[in-house]
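In: I'd like to go over a predicted model; first the sequence, then the structure.
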Amino acid sequence: MKRFSILCVICCLATTSALAQKADVAFIVGGLFGTTTNVVVLGPVAPLPGTFKTDAHLFLEGALGVRLVDAKAFSLLLEAPVAGITSQNLNTLVSAFSFTNKLSTVFITPGLRVKILPAELVSPWVSFGGGWAHYSVDGGHKTNKGAIQYGFGLDFKTGVPLLGFRVELRDFVTGEPNFGLQTVVSGEGGLHRHNFLAGGGIVLRF
């Protein structure tokens, strides 16, 4: 029985070692850059010039990475970043009239991350993915848009095997939401609204 218990412990340790650093989870906090978008609103008589402006604001992000390829020069991970912003000021100006709402946004953009020199103390990486953005304005108006994400950053190892740090910059590019003005006509089509997020936090490796 004693030998069996020792064997079980050895097997568990071996399994843990084999699975070590197969995945990581990052918890990031940082700042979202403000944006300004010029639009045209179809008024009752004639089109009116308008502007959507969002203030800089705090964001929170969680990102799961699962390793697909491990090499000395690089590693390839399947990544699922989820970023959220709440109570961001949305300033709307249409002709001479202006008003302010609160905007909340969620980005979910699974994709791939390539890390360079993953065994080193400092490892740069690049990320690219696509998915979905959800914009919600107080008062109940909600808009879902397609999104792509690209970014880069640095991962830092520490003296604790499972703990690291990360700094990053990501851009979530989406379609332009109308923010409750159903007759907004944008001068551009497709994915062109940039949401730049810069921050840092901790990385837990498993």
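Out: Right, received. Where do you want to start?

In: residues touching the most centrally placed residue in the chain, list them.
Out: Geometric centre of the chain, nearest residue: residue 83, 4.2 Å, by C-alpha atoms, centre = their mean. For residue 83, the contact set (C-beta atoms under 8 Å, 6 or more residues apart in numbering) comprises 28, 59-61, 106-107, 170, 172, 197. Just so you know, the C-beta spots here come from the backbone N, C-alpha and C atoms, and that holds for glycine as well.

In: Over to residue 73?
Out: Residue 73 neighbours (C-beta under 8 Å, 6+ apart): 116-117.

In: returning to what we had before: identify each buried residue in the helix or strand hosting the residue nearest to the centre of the chain, please.
Out: Assigned by DSSP states H and E, residue 83 falls within strand 74-94. Under the neighbour-count criterion of 16 or more other C-beta atoms under 10 Å, strand 74-94 has 75-77, 79-81, 83, 85, 88, 90-94 buried.

In: now swap in stretch 134-145 and tell me
Out: Neighbour counts over stretch 134-145 (16+ other C-beta under 10 Å) mark 134-137, 141, 143, 145 as buried.

In: From those residues, which land in strands?
Out: Using DSSP state E, the subset of the buried residues of stretch 134-145 located in strands is 134-137, 141, 143, 145.

In: State the mean pLDDT of stretch 198-206.
Out: Averaging pLDDT along stretch 198-206 yields 97.

In: ok, what's across the strand from residue 47?
Out: residue 42 (DSSP bridges).

In: That one contacts residue 40, doesn't it?
Out: Yes. Because the distance of 4.9 Å satisfies C-beta atoms under 8 Å, residue 47 is recorded as touching residue 40.

In: who's more crowded, these two?
Out: Shown here are residue 47 and residue 40; by other C-beta atoms under 10 Å, residue 40 has more neighbours (15 against 12).

In: picking that back up, can I get the contacts of residue 83 in CSV including neighbour count and distance to residue 100?
Out: Converted to CSV, the contacts of residue 83 look like this (neighbours: other C-beta atoms under 10 Å; distance: C-beta to C-beta, whole Å):
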residue, neighbour count, distance to residue 100
28, 23, 28
59, 22, 20
60, 16, 23
61, 20, 25
106, 16, 21
107, 26, 23
170, 25, 26
172, 26, 23
197, 24, 22
